[in-house]
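# can you look at this prediction? I've put the sequence above it.
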2 protein chains.
Amino acid sequence: MIIDCHGHYTTAPKALEAWRNQQIAGIKDPSVMPKVAELKISDDALRESIETNQLKFMKERGADLTVFSPRASFMAHHIGDFAISSTWASICNELCYRVSKLFPGNFIGAAMLPQSPGVNPKTCIPELEKCVKEYGFVGVNLNPDPSGGWWTSPPLTDKHWYPIYEKMVEYDIPAMIHVSTSCNPCFHTTGAHYINADTTAVMQLIQGDLFKDFPTLRFVIPHGGGAAPYHWGRYRGLAQELKKPVLREHLLKNVFFDTCVYHQPGIDLLTKVIPVENVLFASEMIGAVRGIDPETGHNYDDTKRYIEAANLTPDERGQIYEGNARRVYPRLDKALKTQG
Amino acid sequence: MIIDCHGHYTTAPKALEAWRNQQIAGIKDPSVMPKVAELKISDDALRESIETNQLKFMKERGADLTVFSPRASFMAHHIGDFAISSTWASICNELCYRVSKLFPGNFIGAAMLPQSPGVNPKTCIPELEKCVKEYGFVGVNLNPDPSGGWWTSPPLTDKHWYPIYEKMVEYDIPAMIHVSTSCNPCFHTTGAHYINADTTAVMQLIQGDLFKDFPTLRFVIPHGGGAAPYHWGRYRGLAQELKKPVLREHLLKNVFFDTCVYHQPGIDLLTKVIPVENVLFASEMIGAVRGIDPETGHNYDDTKRYIEAANLTPDERGQIYEGNARRVYPRLDKALKTQG
């Protein structure tokens, strides 16, 4: 079985974006603020948006199940206040839930949180509870920078974030550390902000001792861990200078990297440098890079091809495709066992 | 001959730091502001600081010549105003110049600029002119984020920076894109801010068309290009979506990567993914990562060992060690020919 731990609903029916634009207009002019009930998307529209996109590619490429969350770049936690984020997150999560019910063998949800800059993260807990308890979601996306590229929140090791971590531990769900759109003109969203956030998160976790407080807390760092595996010597050396344990002890009991690295040499490095038990298959399809690589003739984000070509044993490949995801997402494992 | 294109004067005599602290104190209390003449560092003190540190390691490891610039993390362009930065840059550059005169075969200067957040970069030109014309410097370090981690300046492709580029083109000198200390608690200076800045710069240059305006402008992206080579497929794919030419045309005529990547798999990836003519030998010794790697028994930043072990022909190694640096830094080439 092949589990893709990183997929977003980037292909939702256009009505969703139209509603969001109306909501944004409503921030300035409350008279145009849309009601939630005004957003109408039929099951058929959901089915079509999935069958002609993600599910089509999953079948073509050979992935079985995607951990599916709302479109990352559309989370845009910087827009409006907590109430705006709350309504928006609720709508987006519900759509992912509906997709998971329409395609129970192929999609299972991960929650977007109603984060808002400067707002206590504990305000996100009701939405998280609903997603886990009512929707059967198995993970959560946590944005370390809800300001959208201005980095005004404290590091992930700060007690600021502990209410979320306490809930994650209680529910035994991991968080993927995933930023949203950049409003800082210095940072291209998918080319700089995403990758920088991954690198930043890894270094914050090296600097701190978060996992002493939360020994069972688990983070997935997307996009192959940002720059971290490529600079693994630097990070091992910096941990050493900071008098931390070796990274295998200090970091890798709790931190995992996905395989959203869009060329063979990158996947080769990732699977060589990072222990196999810390690597989770993912493609972020359909996402940041949608084209066909002229050097291979295949889609850049068809990451399964790179895993197949990497120097791995069948058992190691099985861990990356399935075993690690079942361990890191225990609720996913349980759901699969229940489904049979 | 082995040229290290990335060394900072991280081991300057303590008097320098003491003077700087006094200058910083003087920002709040002008009565304690030190005079430049109060900083006294003898040639013997300079000699000792180099002979027992950088030069010792260069001899042990087999590097001949280092392109030497002021300590990057101490540039701290966010402190004070332009006048503060101007005095500080002038002092730091002069020390590197004196080192280059004391060890003419081993060190040649690259300038720190007196940047200051919100100040027009053209104010940096007199210092740059002095460094090139009077000190014989062969390159310059350009900080894309003088705010120190808040990223308040426009992208490198913005006309804001053009006065510097015009001077670089006139003098035919490259800039290393190098940030300084991070004051943003999210970003560890050497573990996140440096690497993020490298990645950010590459993506800004992909997004823009700067080299249409400056076909001979050259940038060195330090620390192995941040995350860019590891994610080269992502960057090729993003360039494709942005309807840019292939990166070899769009980027690699003007952008070069150094070899400050502190483990073998990283250097293997760099030299596999990036054309050999775009890779310049560097160690950033003595810099961010000073320890010994327990996995190899050698210093993390002894990058020559990785180049020696990489899958390269002697000719390719020669390009990385010498030929590319002479081409990217023509004034270095000229100085070497003059020296004989």
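Yes, it's here.

# what does the stretch 1-150 of chain A have sitting close to chain B?
Taking C-beta under 8 Å from any C-beta of the partner chain as the criterion, the stretch 1-150 of chain A approaches chain B at residues A:144, A:145, A:149, A:150. Just so you know, the C-beta spots here come from the backbone N, C-alpha and C atoms, and that holds for glycine as well.

# with respect to residue B:156, which of these is nearest?
residue A:149 (16.1 Å; C-beta to C-beta).

# could you find the closest non-adjacent residue to the closest one?
residue A:184 (3.2 Å; C-beta to C-beta, 6 or more residues apart in numbering or on different chains).

# residues contacting the one you found?
Counting by C-beta atoms under 8 Å, 6 or more residues apart in numbering or on different chains, residue A:184 touches A:148, A:149, A:150, A:193, B:151.

# burial of the second one, as a residue count?
For residue A:149, the count of nearby residues is 23 (other C-beta atoms under 10 Å in any protein chain shown).

# which element is it on?
Using DSSP states H and E, residue A:149 sits within no helix or strand.

# check what pLDDT it gets.
pLDDT for residue A:149: 98.

# so who does it touch?
With contacts defined as C-beta under 8 Å, 6+ apart, residue A:149 is in contact with A:179, A:181, A:182, A:183, A:184, A:186, A:187, A:193, B:151.

# farthest pair within the residues you listed?
A:181 and B:151 (15.1 Å).

# between these two, who's got more neighbours?
Remark: of residue A:181 and residue B:151, residue B:151 carries more neighbours, 26 against 21, as counted by other C-beta under 10 Å.

# low-confidence ranges in chain A?
Along chain A, the model assigns pLDDT under 70 to no residue.

# just the strands in it please.
A:3-9, A:65-70, A:107-112, A:139-142, A:175-177, A:219-221, A:255-258, A:279-280, A:292-293, A:298-299 (DSSP state E).

# in the helix ranked longest in chain A, what counts as buried?
In chain A, taking DSSP state H as the definition, the longest helix is helix A:82-102. The neighbour-count check on helix A:82-102 (16 or more other C-beta atoms under 10 Å in any protein chain shown) flags A:82, A:84-100, A:102 as buried.

# thinking again about what came up before, who wins for neighbours among the residues of the stretch 1-150 of chain A next to chain B?
Highest count within the residues of the stretch 1-150 of chain A next to chain B by other C-beta under 10 Å belongs to residue A:145, 26 neighbours.

# mind listing what that one touches?
Residue A:145 is in contact with A:151, A:152, A:153, A:179, A:197, B:186, counting by C-beta under 8 Å, 6+ apart.

# list of residues touching stretch A:226-234?
Applying C-beta under 8 Å, 6+ apart, the set of residues contacting stretch A:226-234 from outside is A:194-203, A:221, A:235, A:247, A:257, A:266, A:269-270, A:273-274, B:190-191, B:195-196, B:199, B:223-224, B:226-227, B:229-230, B:261-263, B:265-266, B:269, B:288-289, B:293, B:300.

# restrict it to CA atoms and write it as CSV.
Backbone C-alpha positions of stretch A:226-234 (Å, rounded to 0.1, in the frame of the first residue of the first chain) are rendered in CSV as follows:
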residue,chain,number,x,y,z
GLY,A,226,13.6,22.3,3.4
ALA,A,227,17.4,22.7,3.3
ALA,A,228,18.1,20.5,6.3
PRO,A,229,19.1,17.2,4.7
TYR,A,230,21.3,18.9,2.2
HIS,A,231,23.1,20.7,5.0
TRP,A,232,22.9,17.8,7.5
GLY,A,233,26.6,18.2,8.3
ARG,A,234,25.9,21.9,9.3
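
# now that stretch, how far from the centre of its chain.
Computed by C-alpha atoms, centre = their mean, to the nearest Å, the separation of stretch A:226-234 from the middle of its chain amounts to 20 Å.

# stretch A:248-266 now?
Relative to its chain's centre, stretch A:248-266 lies at 14 Å (C-alpha atoms, centre = their mean).

# buried ones in that stretch, by neighbour count?
By neighbour count, with 16+ other C-beta under 10 Å as the criterion, the buried positions of stretch A:248-266 are A:250-251, A:254-266.

# who are the contact partners of residue A:296?
Taking C-beta under 8 Å, 6+ apart as the contact definition, residue A:296 lies against residue A:305.

# what about the helices in the stretch 101-250 of chain A?
The residue ranges that make up the helices of the stretch 101-250 of chain A, judged by DSSP state H, counting those that start in this stretch, are A:125-133, A:162-171, A:194-207, A:210-213, A:232-241, A:247-250.

# residue A:25 contacts residue A:31, doesn't it?
No. The pair residue A:25 and residue A:31 does not pass the contact test of C-beta atoms under 8 Å, sitting 9.8 Å apart.

# the two: which is more packed in?
When residue A:25 and residue A:31 are compared for neighbours, residue A:25 comes out ahead with 14 against 6, by other C-beta under 10 Å.

# ok, what's across the strand from the residue nearest to the spatial centre of chain A?
Nearest to the mean C-alpha position of chain A, counting by C-alpha atoms, centre = their mean, stands residue A:176 at 4.3 Å. Partner residues in beta bridges with residue A:176: residue A:141, residue A:220, with DSSP bridges as the criterion.

# that one reaches residue A:218, doesn't it?
No. At 10.0 Å, residue A:176 does not count as touching residue A:218 under the criterion of C-beta under 8 Å.

# what number of residues lie near the residue in the stretch 101-250 of chain A that chain B sits nearest to?
When distances are taken as C-beta to the nearest C-beta, the stretch 101-250 of chain A reaches nearest to chain B at residue A:233, 2.8 Å away. Residue neighbour count, defined by other C-beta under 10 Å, stands at 24 for residue A:233.
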